[in-house]
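K.L.:
Below: sequence and its predicted model.
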Amino acid sequence: MIDIARLAGVSPMTVSRAFKDDGRVSDTARAAVMQAADQLGYVFDSTASALRSQRSDFVAVTIPSINNANFADTVRGLSDGLRARGLQILLGYTDYDVQAEETLIAQLLRRRPEAMVVTGGTHTDRARALLDKAAIPVVEIWDLPARPIGHVVGFSNAAAMGMLVDHLVGQGRRRIAFIGGDAARDTRGTDRRRGFVAAMRRHGLDATRLIDAGAPPISMAEGAAAMAELLARLPDTDAVVCVSDLSAFGALSECQRRGVAVPDRVAIAGFGDYEIAAICVPPLTTVNPFPGRIGAQAAALILQALDGTLPDPALIGITPQLMTRASTGS
């Protein structure tokens, strides 16, 4: 900073204030400081600044997968909402493993984030204790946990899956199957399976047509393999609900390879309203959980909590939307 001050013709204190956007620094002096910093290749040491200010200016976020378009949209909504306040995101992914989430939460909290956002409402006891004692705003997203740790922005995955079953039953389908993943790892997928079973029983239908496609996240290839297994084991199935749009697209592709007409012979529905759902042939019926809105609402809660205008834990429910398309006949 002394080198920059000498090159810019200002004091070291002016350099420090310029990097912190201090209003006492004129535009001319700030421009000279930034030009000198660029010339010398200097990068401001935010760690040292955080030690003095007790602020890190970042929000820690955990997501189960980094290649899931829905979670990417959620992170984008979070980032956009926090950016105006100068807050950045430090992102970690858990690979659908609550033990990995526990380790990640501990590591992230060591960096003193301003707030923490965790995906889902199921955690280890230690992870819950860490978050509960962190003394920062905590937001659980993509779920409606029975025992919230702090704030919540989410929806009922079970109820959303029930919408799909109700739609298929309304279309005259009765022998409906569910394609999902390892229930021990994907808690949201487990809730969707539970919602499928509950809705089928509510309609007085057989709820045992359950195909396990493997460890989450379920890929297109795994969805195709699960559909092949379903057609071999239960060839009279007239509709399939998949845990995600990717697995549904795989199931659709397998039907097309085998000459199984969709939706005439079997209807197929997914979950997530990914881009592929609207452009595949036929387009997939699915559920839009509004992932970007989840991120934006979580960001709004964090800013209110940091401002002290959100004294009590808040719960914001997101209402998913059923997107009916040609893969189910409408």
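P.N.:
Received, thanks. Numbering: from 1, shown residues only.

K.L.:
so where do the helices sit in the stretch 151-300 of the chain?
P.N.:
157-170, 187-202, 220-233, 245-258, 275-279, 291-307 (DSSP state H, counting those that start in this stretch).

K.L.:
For the shortest one, C-alpha coordinates in CSV please.
P.N.:
Presented in CSV, the C-alpha positions along helix 275-279 are these (Å, rounded to 0.1, in the frame of the first residue of the first chain):
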residue,chain,number,x,y,z
GLU,A,275,-35.0,-26.2,-20.0
ILE,A,276,-34.9,-29.7,-21.5
ALA,A,277,-38.4,-30.4,-20.3
ALA,A,278,-39.9,-27.7,-22.6
ILE,A,279,-37.9,-28.5,-25.7
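
K.L.:
Give the buried residues for that helix.
P.N.:
276, 277 (16 or more other C-beta atoms under 10 Å). From N, CA and C alone the C-beta is placed, and that goes for glycine too.

K.L.:
residue contacts, the closest residue to residue 192 other than its chain neighbours?
P.N.:
Of all residues not flanking residue 192 in the chain, residue 161 sits nearest, at 4.3 Å (C-beta to C-beta, 6 or more residues apart in numbering). Residue 161 makes contacts with 191, 192, 193, 195, 196, 199, 241, 271, 287, as judged by C-beta atoms under 8 Å, 6 or more residues apart in numbering.

K.L.:
now the residue most central in space within the chain: how far from residue 300?
P.N.:
Using C-alpha atoms, centre = their mean, the residue of the chain that lies closest to the mean C-alpha position is residue 71, 3.2 Å off. Using C-beta to C-beta, to the nearest Å, one gets 19 Å for the distance from residue 71 to residue 300.

K.L.:
hmm, back to that, surely the residue nearest to the centre of the chain forms part of a helix?
P.N.:
Yes. Residue 71: assigned to a helix according to DSSP: H, G, I helix; E, B strand; the rest coil.

K.L.:
And the contacts of residue 161, which is closest to residue 67?
P.N.:
residue 271 (16.5 Å; C-beta to C-beta).

K.L.:
Just give me the neighbour total for that closest one.
P.N.:
For residue 271, the neighbour count with other C-beta atoms under 10 Å is 30.

K.L.:
does it really touch residue 240, like I thought?
P.N.:
No. Residue 271 is beyond contact range of residue 240, at 11.9 Å (criterion: C-beta atoms under 8 Å).

K.L.:
ok, residues contacting stretch 104-111?
P.N.:
Outside stretch 104-111, the residues that reach it (C-beta under 8 Å, 6+ apart) are 56, 58, 60, 62, 90, 92, 94, 116, 118, 123, 127, 130-131, 134.

K.L.:
want to throw the residues you listed into a markdown table with distance to residue 234, secondary structure and neighbour count?
P.N.:
Formatted as a markdown table, the contacts of stretch 104-111 follow (distance: C-beta to C-beta, whole Å; DSSP: H, G, I helix; E, B strand; the rest coil; neighbours: other C-beta atoms under 10 Å):
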| residue | distance to residue 234 | secondary structure | neighbour count |
| --- | --- | --- | --- |
| 56 | 53 | coil | 20 |
| 58 | 50 | strand | 21 |
| 60 | 44 | strand | 25 |
| 62 | 37 | strand | 22 |
| 90 | 46 | strand | 14 |
| 92 | 40 | strand | 17 |
| 94 | 33 | coil | 21 |
| 116 | 44 | strand | 24 |
| 118 | 37 | strand | 27 |
| 123 | 36 | coil | 22 |
| 127 | 39 | helix | 21 |
| 130 | 44 | helix | 19 |
| 131 | 43 | helix | 18 |
| 134 | 48 | coil | 19 |
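
K.L.:
circling back to that earlier point, looking at the contacts of residue 161, state which has the most neighbours.
P.N.:
Of all these, residue 241 has the most neighbours under the rule other C-beta under 10 Å, reaching 33 neighbours.
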